[in-house]
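A.B. asks: Based on what follows, work out the 3D shape:
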Amino acid sequence: MNRKISQFGAALASGIVFGFGLSLSGMLNPARVQGFLDVFGAWDPSLAFVLGGAVVVAFIGVQVMKRMRHPAFDDSFHVPTSRRIDSPLVIGSALFGLGWGIGGFCPGPALASLSVGLSQTFLFVIAMLVGMTLHDRVWSRRT
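C.D. replies: Numbering: from 1, shown residues only. Below is the predicted model of the structure:
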């Protein structure tokens, strides 16, 4: 039971730090995200620093993970084993990019933006959940 509480506490703390970072960086503002993605128009390069910082933190995290035998709150690391680039990966990436460009949200910031109460955020999250459910019930059964 203590292990479950520790896992929940670690996940909650990580989520709070992540959400705070998203808010602080401006990633909860769809107009700012769309400005960053508009490289041929009124480009706003400020989110490049956010993304660059995320890459640095992830790189350090992976290097630390490689030196550990197991994570603090689990028996093993859960990392993808496949390195294959196939059509579902490419199509999924394209759909993610289209959704990010059109809506100005990706899943993490969309969930954090629910606290702001914008109707477009609720619509995006509902559409995202429908898409995830369809994938789990239809697409993933084909493979």
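A.B. asks: ok, now which ones touch the residue sitting nearest the centre point of the chain?
C.D. replies: Centrality entry for the chain: nearest residue to the mean C-alpha point is residue 108, 4.6 Å, by CA atoms, centre = their mean. By CB atoms under 8 Å, 6 or more residues apart in numbering, the residues touching residue 108 are 18, 22, 27. (C-beta placed from N, C-alpha, C; glycine too.)
A.B. asks: Is it part of a helix or strand, or is it coil?
C.D. replies: helix (DSSP: H, G, I helix; E, B strand; the rest coil).
A.B. asks: now do residue 60
C.D. replies: Three-state call for residue 60 (three-state DSSP): helix.
A.B. asks: Pull the number of nearby residues for residue 27.
C.D. replies: Look at residue 27: counted by other CB atoms under 10 Å, it has 24 neighbours.
A.B. asks: which phi and psi does it have?
C.D. replies: Dihedral angles of residue 27 (phi, psi; degrees, to the nearest 10) stand at phi -70, psi -10.
A.B. asks: Excluding chain neighbours, what is closest to it?
C.D. replies: residue 109 (4.6 Å; CB to CB, 6 or more residues apart in numbering).
A.B. asks: That neighbour: neighbour count?
C.D. replies: Residues lying near residue 109 (other CB under 10 Å) number 23.
A.B. asks: Same question for the one 10 residues further on.
C.D. replies: Residue 119: 7 surrounding residues under other CB under 10 Å.
A.B. asks: Ok, residue 103 next?
C.D. replies: So residue 103, with other CB under 10 Å, has 19 neighbours.
A.B. asks: In this structure it contacts residue 37, no?
C.D. replies: No - here residue 103 does not reach residue 37: they are 10.9 Å apart, not a contact under CB atoms under 8 Å.
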